[in-house]
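**Student:** Let me see the structure of the following:
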Amino acid sequence: QTGRFAITNRLPPTLNPCDHFTTTREVYGRLIQRRTGHGFIGEYYASFVPIESISYPCGELRQTRVYILSECPLPIRQRRHLREISSNLIPSEIMGTEKGNVALVKFIEESNAFKK
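**Tutor:** The predicted structure is shown next:
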């Protein structure tokens, strides 16, 4: 599969997606934004909101989901949650599995990643 949703399109649809998570509505929203490729990151702004900056606080010129999850130096400590699911930080293992999404929620909560 290719495209923006390919790495997350491994889970079957569910009528109650919130049942898998015990988090705030705001963090759940950022999780869904990560899975769909939307939200407060440079790769989204470059396509849909060109007047917004596409850089990231660490100095990276163009931020992407993969960069923030696996390379950015800012959330190094919080990345341990993701490494428990995928030691090599493979995006499809993190965003495309139930356990990966639970780890991603912990990462988002502790790092404040993907926040404007």
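**Student:** Where does the residue nearest to the spatial centre of the chain fall, secondary structure wise?
**Tutor:** To find the centre residue of the chain, average its C-alpha atoms and take the closest one (CA atoms, centre = their mean): that gives Arg34, at 3.8 Å. Per DSSP states H and E: Arg34 is located in helix 25-36.
**Student:** One more: Gly39?
**Tutor:** Under DSSP H and E, no helix or strand contains Gly39.
**Student:** Phi, psi for it please.
**Tutor:** phi 120, psi -160 (degrees, to the nearest 10).
**Student:** That one reaches Gln33, doesn't it?
**Tutor:** Yes: at 3.1 Å, Gly39 and Gln33 qualify as touching, with contact defined as CB atoms under 8 Å. From N, CA and C alone the C-beta is placed, and that goes for glycine too.
**Student:** what ranges do the strands span in the protein?
**Tutor:** Per DSSP state E, the chain has no strands. Nothing in it meets that criterion.
**Student:** any idea of the mean pLDDT in the lengthiest helix in it?
**Tutor:** Of all the segments of type helix in the chain, defined by DSSP state H, the longest one is helix 98-111. For helix 98-111, the per-residue pLDDT values average out at 92.
**Student:** Mind jotting down where the helices sit in this protein?
**Tutor:** When secondary structure is read from DSSP H, the chain shows helices at 25-36, 42-48, 65-70, 80-85, 91-95, 98-111.
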